[in-house]
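**Student:** Build me a model from this:
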Amino acid sequence: MSSYAAGETAGVLQRNQLFDNRISHELPIYLTCLELAHVLKVSVHTIRSWRKFRIITPKKFGRSVRWLLNEVVEELSKRRS
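**Tutor:** I've put the predicted structure just below:
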């Protein structure tokens with residue numbers, strides 16, 4: 001490999017690393033009741049029960065209800081300990 005090609009490859013790697021580091025936070029994942037039940041491997045009735053007894057708290061967008069996956073996992077882990 002020529003020194004030009006090696007330098008070009010190093011430049012591409014540095015450029016890709018720069019762009020990968022630009023966004024350091026993850027986007028929040030909002031789930032419906034059915035999606036959350038599927039992820040947690042429980043029934044939809046269980047999700048609704050947990051909401052009723054304030055074990056997990058949803059976010060409301062107008063009339064729709066969504067759960068942040070990170071918050072639900074955190075709330076359930078606190079309750080489990």
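**Student:** When you work out contacts or count neighbours from here on, use the C-alpha atoms and nothing else.
**Tutor:** Fine.
**Student:** ok, now which ones touch Cys33?
**Tutor:** Contact analysis of Cys33 by Cα atoms under 8 Å, 6 or more residues apart in numbering lists Val44, Ile47, Arg48, Val65, Arg66, Trp67.
**Student:** So which of these are in helices?
**Tutor:** Using DSSP state H, the subset of the contacts of Cys33 located in helices is Val44, Ile47, Arg48.
**Student:** count of neighbours near the last one?
**Tutor:** Burial of Arg48 is recorded as 15 neighbouring residues (other Cα atoms under 10 Å).
**Student:** Could you do the second one as well?
**Tutor:** The local packing count at Ile47 equals 17, with neighbours defined by other Cα under 10 Å.
**Student:** and if you look at the first one?
**Tutor:** Here the neighbour count serves as a burial measure; for Val44 (other Cα under 10 Å) it reads 16.
**Student:** How much space separates it from Leu69?
**Tutor:** Applying Cα to Cα, to the nearest Å, the value for Val44 to Leu69 is 15 Å.
**Student:** Return the helix or strand in this protein with minimum mean pLDDT.
**Tutor:** Here the helix or strand of the chain ranked lowest by mean pLDDT, DSSP states H and E is helix 3-20, holding a mean of 52.
**Student:** after that one, next one along is what?
**Tutor:** Sequence-wise, the next helix or strand downstream of helix 3-20 (DSSP states H and E) is strand 30-31.
**Student:** No more questions from me, cheers.
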